[in-house]
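J.: based on what follows, work out the 3D shape:
(one chain, ligands or ions: 3)
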Amino acid sequence: MVLRPLHVVDHPLLARQIAVLRSVATGREQFRAALAEAAGALAYEALRDVPVAEVTVRTPLEETTGAALAHPVMVVAVLRAGLGMVDGFLRLVPDAAVGHLGMRRNEETLQPEDYYESLPAGVEASTVFVVDPMLATGGSAVAALTRMRRAGARDLRLVCLVAAPEGVAAVHAAFPDVPITAGALDRGLDARGFIRPGLGDAGDRIFGTE
Ligand SMILES: O=P(O)(O)OC[C@H]1O[C@H](OP(=O)(O)OP(=O)(O)O)[C@H](O)[C@@H]1O
Ligand SMILES: O=c1cc[nH]c(=O)[nH]1
Ligand SMILES: [Mg+2]
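T.: Ligands and ions are numbered 1, 2, ... in the order given. Take a look at the predicted model:
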């Protein structure tokens, strides 16, 4: 049986941040802050089923058992827009390693072009979260996940803020075992490959480029 995990997080605090991010009236500073908040909420949900290890804890009164994450966490940001999600993730997992994959979508062909890669050691042993706010055609996500699998990632997950059904289908087709956590599943893509209703160009809104 093919596993097709998509978890669209349903939470009022996340929904509120997504409304801020969608609004054309939201400026750069507020956009960055809302994206960090939303990424924290997504991280909380995306980490829900990571393996835990039992540890012994001594309270002031007696010894008991507690939980620790069984494997190190690695966050891999798809540049540039994925950078906007890293701080939110690190608020929840401050000791996570952070990798970077440089990737830009050619706006004529809609194909992703690689331009950078920097990955910390320990990919094989880590729970790896690839983060990018926008999952549109899925070309960038599939390329990023392919690079991470080639780098040795075994426990691999994708976290995005806004997903189009086309992108979800593309990731599911290429990586049926990779769970996707998303903040919203939108209607679809327009003729230019933009997510509708979406939030526009996430990278441009974070960095002020146009
Ligand atoms: O699913 P796709 O059709 O591949 O589109 C999604 C990609 O497009 C955006 O990045 P972009 O290429 O605009 O680069 P940027 O983050 O530097 O702005 C976005 O952050 C994704 O990486
Ligand atoms: O809607 C979209 C599609 C791709 N990249 C974005 O930033 N926004
Ligand atoms: Mg990109």
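
J.: which strand or helix spans whatever residue of the chain ends up closest to ligand 1?
T.: Nearest residue of the chain to ligand 1: residue 203, at 2.1 Å (CB to the nearest ligand atom). Bear in mind the C-beta positions are built from the backbone N, C-alpha and C, glycine included. Using DSSP states H and E, residue 203 sits within helix 202-207.

J.: and that helix, which residues are buried?
T.: Residues 202-203, 205-206 are the ones in helix 202-207 that count as buried (16 or more other CB atoms under 10 Å).

J.: I would like the residues contacting it, please.
T.: With contact meaning CB atoms under 8 Å, 6 or more residues apart in numbering, helix 202-207 is reached by 26, 28, 31-32, 35, 80-81, 83-84, 133-134, 161, 199, 209-210.

J.: take the residues you listed and keep only those in helices.
T.: 28, 31-32, 35, 83-84 (DSSP state H).

J.: of the residues you listed, keep whichever come out buried.
T.: Counted by 16+ other CB under 10 Å, the ones in helices among the contacts of helix 202-207 give 31-32, 35, 83-84 as buried.

J.: the contacts of helix 202-207: which two are farthest apart?
T.: 161 and 210 (20.2 Å; CB to CB).

J.: neighbour count winner among the two?
T.: residue 161 (29 against 6; other CB atoms under 10 Å).

J.: so who does the closest residue to the more buried one other than its chain neighbours touch?
T.: Excluding the flanking residues, the one nearest residue 161 by CB to CB, 6 or more residues apart in numbering is residue 133, at 4.0 Å. In this structure, residue 133 makes contact with 35, 81-82, 84-85, 160-162, 199, 202, judged by CB under 8 Å, 6+ apart.

J.: separation between the residue of the chain closest to ligand 1 and residue 104?
T.: 8 Å (CB to CB, to the nearest Å).

J.: and the protein, which residues reach ligand 1?
T.: Residues of the chain lying close to ligand 1 by CB under 6 Å from any ligand atom are 78-81, 103-105, 110, 112, 132-141, 167, 193, 201-203.

J.: perfect, that will be all.
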